[in-house]
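Participant: Give me the fold of what follows.
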Amino acid sequence: MRHLIMTTSQTFLRPANPDDVDRITDLHTLARTAYYQAGGVSDVELTSSDAYSSRRESWMRAVQSSDRTVLCAEREGELVGILAMGPPYEADVDVTTVGQLYQIHVRPGIWGQGIGSYLHAAFVQFLRDASLATGVLEAWERNSRAQAFYARHGWKPDGHHRPGPGNANYVRMRLTLDPEV
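Facilitator: Reported below is the predicted structural model:
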C-alpha cells in the first residue's frame with residue numbers, strides 16, 4: 001500500500017515517512033494517555049520524557065522498517081489516526097498465515113467518527129494483499145473501549161496474555177478472515 005487512498009469522510013490514508021514521526025508520537029501519546037489514565041495508570045508513568053523518547057525511537061524504527069507498515073490518517077492536513085502492522089511478534093504465531101495489527105490510535109476528541117474503522121479496513125486489506133488468513137493484536141485488558149471496537153470488527157480473545165502497565169495484562173485477540181468470494 002504505497003498510494004494515497006481517500007475515504008468517504010474526507011480522511012486520507014497514506015504511508016508514514018520519517019517527517020511524520022514527531023506528529024505520530026504526539027498523537028500516540030495523547031491516545032495512550034487517555035486509555036491508560038482511564039485504566040488507573042499514574043500520570044507520572046504517562047508523562048515521562050524518557051518514555052516519550054522511547055516511543056519516538058520505536059516509531060522511527062517502524063516507519064523505516066522494511067517489514068512493517070505504518071499508515072497515517074489525515075483530515076484537512078491534520079494527523080487524526082495511525083496504524084502500524086506487520087509480522088507477528090510472538091513465536092507461537094505462524095508468520096506464514098498471520099499478520100499483526102500493532103497499533104491503531106485515533107486522536108482523542110474525534111473518536112467515534114469512523115477513523116478507527118477506516119484504519120481497521122486498511123489492516124484487513126493488508127492481510128488480504130499478503131494472503132494471510134488471520135490477524136492478531138494485543139489490547140490492554142483495562143481498555144474496554146478498544147476491546148469493544150475490535151469485537152465489533154470480529155476479533156476474539158485467544159487466551160494468550162502478557163504483563164502490561166498498571167498490573168494489568170495485554171490480551172491477545174484474533175481475527176479470522178472469511179474467504180473472499
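
Participant: what sits against the residue nearest the centre of the chain?
Facilitator: With distances taken as Cα atoms, centre = their mean, the residue of the chain nearest its centroid is Gln103 (1.6 Å). Taking Cβ atoms under 8 Å, 6 or more residues apart in numbering, we find Gln103 in contact with His28, Ile82, Leu83, Ala84. Bear in mind the C-beta positions are built from the backbone N, C-alpha and C, glycine included.

Participant: Output the residues you listed in TSV, with secondary structure appended to each entry.
Facilitator: TSV is the format used below for these (DSSP: H, G, I helix; E, B strand; the rest coil):
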residue	secondary structure
His28	helix
Ile82	strand
Leu83	strand
Ala84	strand
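
Participant: And the furthest pair within those residues?
Facilitator: Greatest spatial distance among the contacts of Gln103 (Cβ to Cβ): His28 and Leu83, at 11.3 Å.

Participant: sorry, back to before: in a strand, that's where the residue nearest to the centre of the chain is, yeah?
Facilitator: Yes. Counting by three-state DSSP, Gln103 is found in a strand.

Participant: Could you give the bridge partners of it?
Facilitator: Ala84 (DSSP bridges).

Participant: I'd like to know how far it sits from Lys156.
Facilitator: Going from Gln103 to Lys156 by Cβ to Cβ, to the nearest Å gives 19 Å.

Participant: burial count for Ala16?
Facilitator: 22 (other Cβ atoms under 10 Å).

Participant: Wait, it touches Val70, no?
Facilitator: Yes. Contact between Ala16 and Val70 holds when scored by Cβ atoms under 8 Å: they sit 4.0 Å apart.

Participant: Common neighbours of these two, please.
Facilitator: Ile24, Val63, Ile82.

Participant: any idea how far the last one lies from His105?
Facilitator: Per Cβ to Cβ, Ile82 is found 5 Å from His105.

Participant: Assess the claim that Tyr170 and Arg142 are in contact.
Facilitator: No. Counting by Cβ under 8 Å, Tyr170 does not reach Arg142; the two are 10.2 Å apart.

Participant: Between the two, which has more neighbouring residues?
Facilitator: Taking neighbours as other Cβ under 10 Å, Tyr170 and Arg142 compare with Arg142 leading, 21 against 17.

Participant: Helix, strand, or coil at Asp19?
Facilitator: Assignment for Asp19 (three-state DSSP): helix.

Participant: Report how many residues lie close to it.
Facilitator: Asp19, neighbours per other Cβ under 10 Å, totals 8.

Participant: residue boundaries of the strands in this protein?
Facilitator: 5-6, 11-15, 69-75, 78-86, 98-106, 134-140, 156-163, 169-176 (DSSP state E).
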